[in-house]
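Engineer: this is a predicted model, with the sequence first.
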Amino acid sequence: MATNPEIERRRTFAIVAHPDAGKTSLTEKFLLFGGQIQVAGAVKSNKIKKTATSDWMDIEKQRGISVTTSVMEFDYKDYKVNILDTPGHQDFAEDTYRTLTAVDSVIIVVDGAKGVETQTRKLMEVCRMRNTPVIIFVNKMDREAKDPFDLMDELEEELVIQVRPLTWPIESGPRFKGVYNLYEHNLNLFQPSKQVVTEKVEVDITTEELDQRIGRDLADKLRGELELIEGVYPEFNVDEYLKGETAPVFFGSALNNFGVEELLNTFVEIAPSPRPVQAEERVVMPDEPRFTGFIFKITANIDPNHRSCIAFCKVCSGKFSRNVPYYHVRHDKTMRFSSPTQFMAQRKTTVDEAWAGDIIGLPDNGTFKIGDTLTEGEHLHFRGLPSFSPEMFKYIENADPMKQKQLAKGIDQLMDEGVAQLFVNQFNGRKIIGTVGQLQFEVIQYRLEHEYNAKCRWEPVSLYKACWIESDDPAELDAFKKRKYQYMAKDREGRDVFLADSGYVLQMAQMDFKHIKFHFTSEF
Ligand code: G4P
């Protein structure tokens, strides 16, 4: 726990969800409470419309929004809240995973009717890798939802975390009456309101008033359910939440701004202030006096005529100041930043100082790579960010023989930005780009053409997974590489990667080579 009050009051987190669960709506309501916007609808979703076919121009248009809203910060009560925005489109999931390395906690939004979805599962996996504390918000209770007890079981089983409801819904859909707050022991009745922050109506559940408000049957049902909850779930324990073992659960409707204030109030109270960060050399404590930070995201400029990007730096310790020389560890050189920016809901401003927990935007002309560390002189390396095995693979080929150099440079820089992953097949020397979705290929092609004046062509390669391999048995590793020589590649760090062309092949390889470990993320 930080002892510096400036650091202690910071809450740096991300709201994540399977697309359409309500992340944008919840973010917007938080900004309403934070006084950053006055009416709902002011924040545009940065997701790419579902109806649009994969069209890069659409993304280009919307990128303006996602750049400026990459981080949203506001003061709420005595807290400084930093919300890190993540792309709404599934094809950019990798970007979301990286953002999760810069947060101290996470709120996961789940659609009450759909429950846990693919992306929810994957996001939780990433949180689990770092023991990130998680709060779950079950959204859209104004629509017909699953039974709340079934939902709790589903969350627990599918997300592999203990859950503890802190609010409890009274019915859902047209019958939705409100939520009971198990933390403060009061009841908030549902008043749909999309435009303004409404006052809540409080009712003591032990009194007759409850029966009058929601009817005798529902009142009895609620009393029964609360008894069951207290019997089934152990007391909520903040330490278990902070260790990432238990996830408190809230119910509500983001669109109707219902249950959101309870969530925000509890969040600022229990969510961790900036946590210690593990560097390769040592653990860095947030309230150390010296500044350290790392780059977790690089965003290309919206204006294609200016190739400069913004590198997002998470301040891990101490205080960052404008125009002070800092040490760029990988380049082994000193740099100063005259116009670092911080982000409000929709504008960005130059800042003079930032504290551990804050995110600052540094103008970048190719000096930064994801994972780069800045310090006051110490040789420190914050741990590599995990790469996941991509889902789709294609050979990238040069389509303009005169522009070979430009293409190589473009690919190199786009990979530094973390747009996709590059593997070089050791057998034929061909470059393979791995992505999460089709859109990324289009982004790469478009950007190579417009920013680097290079043309590329995609050629199919049928692959199932890329696995990072290692073994304590060098002879076996050698034998494996010889046997699979056509499918061996190197990633950008020079690590061995096995490109399996089918699930069956992978399974057979795992059976035949018992001492080789096959990893599906680059962090092991
Ligand atoms: P996302 O960022 O997680 O993708 O979700 P987003 O907030 O954009 O919400 C997805 C859709 O779900 C939106 O509808 C939104 O209005 C709706 N929604 C969000 N929260 C609630 C809720 O509590 N109750 C109900 N009934 N709906 C909710 P849309 O039709 O896709 O977009 P829009 O035209 O409403 O903007």
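Structural biologist: Yep, it's here. Predicted model only: the values in this text are computed from it and were never measured.
Engineer: burial measure for residue 267, as a count.
Structural biologist: For residue 267, the count of nearby residues is 21 (other CB atoms under 10 Å). Yep, even glycine has a C-beta here, placed from its N, CA and C like the rest.
Engineer: just give the nearest non-adjacent residue to it, would you?
Structural biologist: residue 135 (6.2 Å; CB to CB, 6 or more residues apart in numbering).
Engineer: that neighbour belongs to a strand?
Structural biologist: Yes: residue state for residue 135 (DSSP: H, G, I helix; E, B strand; the rest coil) corresponds to a strand.
Engineer: what lines up beside the one helix or strand residue 498 maps to in the sheet?
Structural biologist: According to DSSP states H and E, residue 498 maps onto strand 496-500. Sheet neighbours of strand 496-500, with direction, are listed as strand 465-471 (antiparallel), strand 488-490 (antiparallel) (DSSP bridges).
Engineer: which outside residues touch whatever helix or strand comes next after the first one?
Structural biologist: Using DSSP H and E, the helix or strand that directly follows strand 465-471 along the chain is helix 474-483. Outside helix 474-483, the residues that touch it by CB atoms under 8 Å, 6 or more residues apart in numbering are 469-471, 488, 496, 498, 509, 513, 515-516.
Engineer: closest to residue 233 out of these?
Structural biologist: Taking CB to CB as the measure, residue 233 sits nearest to residue 470 out of those, at 40.6 Å.
Engineer: measure that closest one to residue 515 for me?
Structural biologist: Taking CB to CB, to the nearest Å as the measure, residue 470 falls 10 Å from residue 515.
Engineer: swap in residue 288?
Structural biologist: Taken as CB to CB, the spacing of residue 288 relative to residue 515 amounts to 41 Å.
Engineer: and what of residue 443?
Structural biologist: When distances are taken as CB to CB, residue 443 and residue 515 turn out to be 39 Å apart.
Engineer: so the two - more neighbours on which side?
Structural biologist: For residue 443 and residue 515, the more surrounded residue by other CB under 10 Å is residue 443, and the numbers stand at 23 against 12.
Engineer: the more buried one touches residue 419, doesn't it?
Structural biologist: Yes: using CB atoms under 8 Å as the test, residue 443 is close enough to residue 419 to be in contact (6.5 Å).
Engineer: element containing the residue lying closest to residue 436 once chain neighbours are set aside, please.
Structural biologist: Distances taken as CB to CB, 6+ apart put residue 93 closest to residue 436, at 4.9 Å, once the chain neighbours are dropped. Secondary-structure element containing residue 93, defined by DSSP H and E: helix 93-99.
Engineer: for the stretch 201-350 of the chain, give me the ranges with low pLDDT.
Structural biologist: 201, 300-308, 343-348 (pLDDT under 70).
Engineer: would you mind listing what in it touches the ligand?
Structural biologist: Taking CB under 6 Å from any ligand atom as the measure of proximity, the stretch 201-350 of the chain contacts the ligand at 253-256.
Engineer: just the ones in helices from these, please.
Structural biologist: Helix and strand membership here follows DSSP state H; of those, not one is in helices.
Engineer: as TSV, those with neighbour count would be great.
Structural biologist: What follows is these, written out as TSV (neighbours: other CB atoms under 10 Å):
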residue	neighbour count
253	28
254	27
255	20
256	21
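Engineer: which two among these are spaced furthest apart?
Structural biologist: The largest separation in these, counting by CB to CB, is between 254 and 256 at 7.5 Å.
Engineer: just the buried ones among the contacts of helix 474-483, please.
Structural biologist: For the contacts of helix 474-483, a burial check counting by 16 or more other CB atoms under 10 Å picks out 469, 471, 488, 496, 498, 509, 513, 516.
Engineer: tell me the first helix or strand C-terminal of the lowest-mean-pLDDT helix or strand in the chain.
Structural biologist: Lowest on mean pLDDT, DSSP states H and E among the helices and strands of the chain sits helix 56-68, with a mean of 47. Following helix 56-68 in sequence order, the next helix or strand is strand 71-76 (DSSP H and E).
Engineer: helices or strands up against that following strand?
Structural biologist: helix 23-33, strand 79-84, strand 341-343, strand 359-364 (3 or more CB pairs under 8 Å, 6 or more residues apart in numbering; DSSP states H and E).
Engineer: now check that strand, is it near the ligand?
Structural biologist: No: contact of strand 71-76 with the ligand is not found when judged by CB under 6 Å from any ligand atom; the minimum separation is 13.7 Å.
Engineer: distance between that strand and the chain's centre?
Structural biologist: For strand 71-76, the separation from the chain centroid amounts to 17 Å (computed by CA atoms, centre = their mean, to the nearest Å).
Engineer: dump it to PDB, keeping only the CA atoms.
Structural biologist: Extracted as PDB, the C-alpha positions of strand 71-76 are listed here (Å, rounded to 0.1, in the frame of the first residue of the first chain):
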ATOM      1  CA  VAL A  71      -7.500   7.200 -21.100                       C
ATOM      2  CA  MET A  72     -10.200   9.000 -19.200                       C
ATOM      3  CA  GLU A  73      -9.400  10.600 -15.900                       C
ATOM      4  CA  PHE A  74     -11.400  12.400 -13.400                       C
ATOM      5  CA  ASP A  75     -11.700  13.200  -9.700                       C
ATOM      6  CA  TYR A  76     -14.400  11.500  -7.800                       C
END
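Engineer: pull out the buried positions in it.
Structural biologist: Neighbour counts over strand 71-76 (16+ other CB under 10 Å) mark 71-74, 76 as buried.
Engineer: flag every buried residue along stretch 475-487.
Structural biologist: Using 16+ other CB under 10 Å as the test for burial, stretch 475-487 gives 477, 480-481, 484, 487.
Engineer: how about residue 447, phi and psi?
Structural biologist: Dihedral pair for residue 447: phi -70, psi -40, per degrees, to the nearest 10.
Engineer: now do it: how many residues are near it, please.
Structural biologist: The burial count assigned to residue 447 is 21, neighbours taken as other CB under 10 Å.
Engineer: per-residue pLDDT, it?
Structural biologist: The pLDDT attached to residue 447 in the predicted structure is 85.
Engineer: next one: residue 509
Structural biologist: The predicted local confidence for residue 509 is 94.
Engineer: where's it, which helix or strand?
Structural biologist: Using DSSP H and E, the element containing residue 509 is helix 503-512.
Engineer: near the ligand, which residues of this structure?
Structural biologist: Going by CB under 6 Å from any ligand atom, the residues of the chain near the ligand are 17, 19-25, 45, 47, 88, 139-140, 142-143, 253-256.
Engineer: tell me the domain boundaries of this protein?
Structural biologist: As assigned by automatic domain parsing, the chain contains the domains 5-169+235-270, 277-375, 392-519.
Engineer: just say which of those domains is most tucked in.
Structural biologist: When you average the neighbours per residue for each of these (mean count of other CB atoms under 10 Å), domain 5-169+235-270 leads with a mean of 20.
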